[in-house]
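Engineer: Any chance you could fold what I've pasted below:
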Amino acid sequence: MELDWQEPGWQRAMAGIPDGAQIPVERFFALLGTVDEAYAAARALESRGIGLDVSRLPLCTRGAAAQRLALEAELAKKNRLPEGLDSGDPLRLYWQELQEMPRLDEAGAKACLERGEDPNRLTEGLLWLVAQEAGAFAGQGVLLLDLMQEGAMGLMRAMEFPAEQVVESARWHVRQAMARAVALQYLASGEADRLVASVRAYQQADRRLLNRLGRNPSPEELAQELSKPVSEVLEIGKMLRDAATAAQPEKPEAQEEGIEDSAYFQLRTQVEALLSRLEPADQQLLKLRFGLDGRPAVTQAEAAQRLGLSLAELERREAEAMALLRESGGLDG
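Structural biologist: Predicted structure coming up:
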């Protein structure tokens, strides 16, 4: 009997992500099947030069370390690390130790490699990167002392096989080691599950209201639908917009079609099939309004201005187009 072996779901899902890309950590969370897969998945991304962006994660406000995390985040915001800490604070002492070590710049690092010096000399000369990058992750669920130690280990791994651009490669590995630690902590604490659930609920509510109203819902309408404060709805919406427009490395034109994952391709195909039921002018209107051509969505006022329509005329045509799609079975609601 021959067994049909399949890769874990996250491997299949991530196969379409181009090497060297940067993905929002929210997408990483959503692709995982279980928390147990997280470390292997994160290391697999790192091996392909794919970065995790944790910058949009909310600051941690729970747990035994919440007070310390809040202090570190506040000091980082005021650019007062490490001097804002007590003189005997372990983080301050470690930070100062790194700052006092001899520094290597790009030229010095390459010279060190050319002379065949001890790899430890190269690593020590670049530890200043750990102190320089740590503040960006303050308050995100992992204490800075632990994060800096993770960053130092990431640097050591990077120096096993130094890249051509030594310093920038080292910086990337330091940041990714810290980002991975933040992501794993969010998963372990259950914060990731809550975040993904909130994002999915937001997206579902947005679709329901869009079908019901024939237009983009306001934050107040979404808040009412979700029974959440408007401030929380605005935060989730910003997170989704930022994630959608996160910078991706440029790829040659010939590679563009090959880097789309199958789920996105299928969704885009379905959208094109729906829009084909409309007149070309109405197709253009909906693509512009809802960002269906890959560009950011715009408000009704912006769309009206670009299309040379009055706001009332645009609202009428948009509502009629959405109604036609619902009547033809293309939209639920």
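Engineer: list the contacts for residue 130?
Structural biologist: The neighbourhood of residue 130, defined by CB atoms under 8 Å, 6 or more residues apart in numbering, consists of 98, 148, 151-152, 155, 174. The way it works is simple: take the backbone N, C-alpha and C, and place the C-beta from them, glycine included.
Engineer: How many neighbouring residues does residue 147 have?
Structural biologist: Residues near residue 147, counting by other CB atoms under 10 Å, number 28.
Engineer: would you put the C-alpha positions of stretch 19-32 in CSV?
Structural biologist: C-alpha atoms of stretch 19-32 as CSV (Å, rounded to 0.1, in the frame of the first residue of the first chain):
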residue,chain,number,x,y,z
ASP,A,19,12.1,34.7,-1.9
GLY,A,20,13.2,38.0,-0.3
ALA,A,21,9.7,39.2,0.4
GLN,A,22,8.4,40.7,3.6
ILE,A,23,5.0,39.5,4.9
PRO,A,24,2.9,40.9,7.7
VAL,A,25,2.9,38.6,10.7
GLU,A,26,-0.9,38.6,10.7
ARG,A,27,-0.7,36.6,7.4
PHE,A,28,1.8,34.3,9.0
PHE,A,29,-0.6,33.6,11.9
ALA,A,30,-3.5,32.9,9.6
LEU,A,31,-1.5,30.4,7.5
LEU,A,32,-0.5,28.2,10.5
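Engineer: average model confidence for that stretch?
Structural biologist: pLDDT averaged over stretch 19-32 equals 79, rounded to a whole number.
Engineer: quick one: that stretch to chain centroid distance?
Structural biologist: The gap between the average C-alpha position of stretch 19-32 and the chain average comes to 6 Å, counting by CA atoms, centre = their mean, to the nearest Å.
Engineer: what do you get for stretch 146-153?
Structural biologist: A distance of 21 Å separates the C-alpha centroid of stretch 146-153 from that of its chain, computed with CA atoms, centre = their mean.
Engineer: Most neighbours among the contacts of residue 130, please name it.
Structural biologist: Comparing the contacts of residue 130 by number of neighbours (other CB under 10 Å), residue 151 comes first, having 30 neighbours.
Engineer: Just list the residues touching that one, thanks.
Structural biologist: If a contact means CB under 8 Å, 6+ apart, then residue 151 has 129-130, 133-134, 174-175, 177-178 as its contacts.
Engineer: what's the burial count for the closest residue in space to residue 39 that isn't next to it in sequence?
Structural biologist: With CB to CB, 6 or more residues apart in numbering as the measure, residue 184 is the residue that lies nearest to residue 39, at 6.4 Å, once sequence neighbours are left out. As a burial measure, residue 184 scores 18 neighbours (other CB under 10 Å).
Engineer: per-residue confidence for residue 184?
Structural biologist: As predicted, residue 184 sits at a pLDDT of 88.
Engineer: these two touch, right, it and residue 40?
Structural biologist: No. With the criterion set as CB atoms under 8 Å, residue 184 and residue 40 do not qualify as a contacting pair; they are 11.2 Å apart.
Engineer: In helices, which of the contacts of residue 151 fall?
Structural biologist: Secondary-structure check on the contacts of residue 151 using DSSP state H: residues within helices are 129-130, 133-134, 174-175, 177-178.
Engineer: quick check, nearest of those to residue 69?
Structural biologist: residue 134 (13.1 Å; CB to CB).
Engineer: hang on, that closest one packs against residue 177?
Structural biologist: No. With contacts defined as CB under 8 Å, residue 134 does not count as touching residue 177, sitting 10.9 Å away.
Engineer: Look up how far residue 103 lies from the residue nearest to residue 39.
Structural biologist: Distance of residue 184 to residue 103, computed by CB to CB, to the nearest Å: 30 Å.
Engineer: hey, where'd the strands end up in the stretch 51-200 of the chain?
Structural biologist: In order along the chain, the stretch 51-200 of the chain carries the following strands (DSSP state E, counting those that start in this stretch): 51-53.
Engineer: where does it dip in pLDDT?
Structural biologist: Under the criterion of pLDDT under 70, the regions of the stretch 51-200 of the chain flagged as low confidence span 61-63.
Engineer: Could you report the neighbour count for the closest residue to residue 105 other than its chain neighbours?
Structural biologist: Of all residues beyond its chain neighbours, the one nearest residue 105 is residue 167 (6.7 Å), with distances taken as CB to CB, 6+ apart. Residue 167: 20 surrounding residues under other CB under 10 Å.
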